[in-house]
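[1] Only the shape, not the letters, is given here:
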């Protein structure tokens, strides 16, 4: 069905039916001028927003709409996770080209709902309009966290150890496989298995359907062990630089301690770049990067989280990558920057 057959308000009513069940904390949801929401009195509000633009952040030849909805939710939920919060409410605004059918928009919301429902976050509003140039997605997520538990990027201290919650580089490697494997509608998921091995498909899945580390972020924030935290959306080099800049410190990262999955190591000979390059500059892994005092490491280990120590925080502003032989190389931010694109990389993500 064409969206023009429903009209703007018919589409809103259609979306409203998809999300008809309200959480107890949603006093007024979709359909009014504003949502009315209830938060815990002992908490502070977290707010994050992201835009995703067709042919900048995603290519509809590489993904289906369900998966696009999932990922649109994931990138925002990950920001809440990076501060140790609990996601509560979502607002979705779409600029929709006239050629996109209602059924595809429905699939988008189903994918979005599949992930947000798993984390008990409710869709409470948004907006829709006509787009003349590609699909435009804007997501806002509101979360909450106890006042004393908020973790920011600015708390790293000299002597802190640097940790990540999982392997890096898989997402960027998955995108590389999609780009070099040819296009085809829905190739990202529904056409995933054709002609590809298990490791390739797992890397693609990491790119298309990332899993935000909400449980890990909560445990880390409530543990009292963590001084600074960020999610890895732009690549290790860039996101570490954010922590260092805001904390006014430097860092040393040991290249041979950066974790890689078996899948990326298995496919390394077929990829255009070594795994280390994908980890440093690829981004969209959505693992958590954090720092902790050496005095808190035993307590940190007792949380039984999957964490890997990869370096330490130092005085000054220098950020270095140190290889196994002890050679030190300046580690400059190499992740994607929308307004300073790297030559040869026209767009980011699916």
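    Arrived safely, thanks for sending. Because the structure is a prediction, the values reported are computed rather than measured. Numbering: from 1, shown residues only.
[2] CA only for contacts and neighbour counts going forward, please
    Noted.
[3] now the strands for the stretch 1-150 of the chain?
    26-28, 36-37, 43-53, 86-96, 122-130, 136-146 (DSSP state E, counting those that start in this stretch).
[4] Poorly predicted segments of the stretch 201-350 of the chain, please.
    Scanning the stretch 201-350 of the chain for pLDDT under 70 picks out 335-350.
[5] would you list every one of the strands in it?
    Secondary structure of the stretch 201-350 of the chain (DSSP E, counting those that start in this stretch): strands at 226-231, 250-254, 288-292, 308-314, 319-322, 328-330.
[6] Show me the protein divided up by domain.
    Partitioning the chain according to automatic domain parsing yields domains covering residues 3-149, 161-330.
[7] so how far is the last one from its chain's centroid?
    Computed by CA atoms, centre = their mean, to the nearest Å, the chain-centroid distance of domain 161-330 equals 11 Å.
[8] Endpoints of that domain, how far apart?
    The first and last residues of domain 161-330 sit 19 Å apart, counting by CA to CA, to the nearest Å.
[9] and if you look at stretch 244-252?
    11 Å.
[10] Buried by neighbour count: which residues of it qualify?
    For stretch 244-252, burial by neighbour count (16 or more other CA atoms under 10 Å) applies to 244, 247-252.
[11] Equivalent analysis for stretch 55-75, please.
    55, 58-75.
[12] Can you give the distance from that stretch to the centre of its chain?
    Using CA atoms, centre = their mean, the offset of stretch 55-75 from its chain centre is 12 Å.
[13] still on that earlier bit, out of the strands of the stretch 1-150 of the chain, which gets nearest to residue 291?
    strand 136-146 (19.3 Å; CA to CA).
[14] and the very next helix or strand once past that closest one, what does it pack onto?
    Note on strand 136-146: by DSSP states H and E, the next helix or strand toward the C-terminus is strand 161-164. Secondary-structure packing of strand 161-164 (3 or more CA pairs under 8 Å, 6 or more residues apart in numbering; DSSP states H and E): strand 288-292, strand 308-314.
[15] Which phi and psi values does residue 293 adopt?
    Backbone torsions of residue 293, given as degrees, to the nearest 10, read phi -70, psi 140.
[16] Contact partners for it?
    Going by CA atoms under 8 Å, 6 or more residues apart in numbering, residue 293 touches 157, 159-161, 225-227.
[17] Considering these, which is situated nearest to residue 115?
    Once CA to CA is applied, the member of these that ends up nearest residue 115 is residue 226, at 26.6 Å.
[18] gap between that closest one and residue 174?
    31 Å.
[19] Looking at these two now, which is surrounded by more residues?
    Neighbour tally, residue 226 and residue 174, criterion other CA atoms under 10 Å: the higher count belongs to residue 174, 26 against 23.
[20] Need the phi and psi values for the more buried one.
    Per degrees, to the nearest 10, the backbone of residue 174 is at phi -60, psi -40.
[21] residue nearest the centroid of the protein?
    residue 75 (3.3 Å; CA atoms, centre = their mean).
[22] Tell me the span between the first and last residue of stretch 143-151.
    13 Å.
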